[in-house]
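# quick one: sequence and predicted model below, then my questions.
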Amino acid sequence: MKRMLKALIISSSLLAILLILASCSHEHTPSDWIVDTQPTCEADGSRHKECLDCKETLKTETIDKLDHTPVIDAAIAPTCTESGLTEGKHCSACKTVLVKQTEVAALGHTEVIDKAIAPTCTETGLTEGKHCSACKTVLVMQTEVAALGHTEVIDKAIAPTCTETGLTEGKHCSACKTVL
């Protein structure tokens, strides 16, 4: 019974096809190409020609997919503390990455020593510090060192003599020799 039903369906289908083909007894007038699906850079497209009178499809073709439209993704230079990226490319139409950007490691600071400045009797000094020569970030802050103050030394009075003049008592700094 199933075989009979199957044979009947196949026969009916073939008869329908023959009737369709036989019904078109004129000479076909082909149309220009009609685009069914536009090609993209990811997929082929398709087009066909049909008879202008009976609309029967006469010919179909595949339209090759388009080339990607590359756009450059600019490189980003690394800094002392931030990583960067290499140059890359992607398609402006479909956004497909054509050349992947890769990460470039941060450079790290380039340390420079800021020399200590010794305090004097009257001027403050600074401790040693460090900064980055590339980005100028202070890595070790210099701190102020208080002025030392004078180290007083008493200059004794000298009594005058018959032939020499004398001096009164005075003071001077033993470090900087300033007369106080």
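Great, that's in hand.
# quick check on the residue nearest to Val99 when sequence neighbours are not counted: phi, psi?
Of all residues not flanking Val99 in the chain, Lys89 sits nearest, at 4.2 Å (Cβ to Cβ, 6 or more residues apart in numbering). For the C-beta atoms, the positions are set from N, CA and C on the backbone; glycine is no exception. With angles defined as degrees, to the nearest 10, Lys89 sits at phi -140, psi 150.
# pLDDT weak spots in the protein?
Filtered on pLDDT under 70, the chain yields the residue ranges 1-2, 4-8, 11-24.
# how about the helices in it?
For the chain, the helices defined by DSSP state H cover 2-23.
# and the end-to-end length of stretch 138-156?
50 Å (Cα to Cα, to the nearest Å).
# equivalent analysis for stretch 145-162, please.
50 Å.
# so what touches that stretch?
117-127, 166-176, 178, 180 (Cβ atoms under 8 Å, 6 or more residues apart in numbering).
# narrow these to those in strands?
In strands, judged by DSSP state E, the following of the contacts of stretch 145-162 are found: Gly125, Leu126, Gly170, Lys171, His172, Cys173.
# hmm, Ile72 and the residue nearest to Val99 touching each other?
Yes: counting by Cβ atoms under 8 Å, Lys89 does reach Ile72; the two are 5.8 Å apart.
# look at those two and report which has more neighbours.
Comparing Lys89 with Ile72 by other Cβ atoms under 10 Å, the one with more neighbours is Lys89, at 16 against 11.
# tell me how far the residue lying closest to Gly166 once chain neighbours are set aside lies from Leu167.
Spatial nearest neighbour of Gly166, chain neighbours left out: Pro160 (3.3 Å); criterion: Cβ to Cβ, 6+ apart. To Leu167, Pro160 is 9 Å away according to Cβ to Cβ, to the nearest Å.
# and what of Cys94?
Applying Cβ to Cβ to Cys94 and Leu167 gives a distance of 99 Å.
# again, but for Lys95
94 Å.
# so which of the two has more stuff around it?
Neighbours per residue (other Cβ under 10 Å) separate Lys95 from Leu167, with Leu167 holding more: 12 against 8.
# brilliant, that's me finished.
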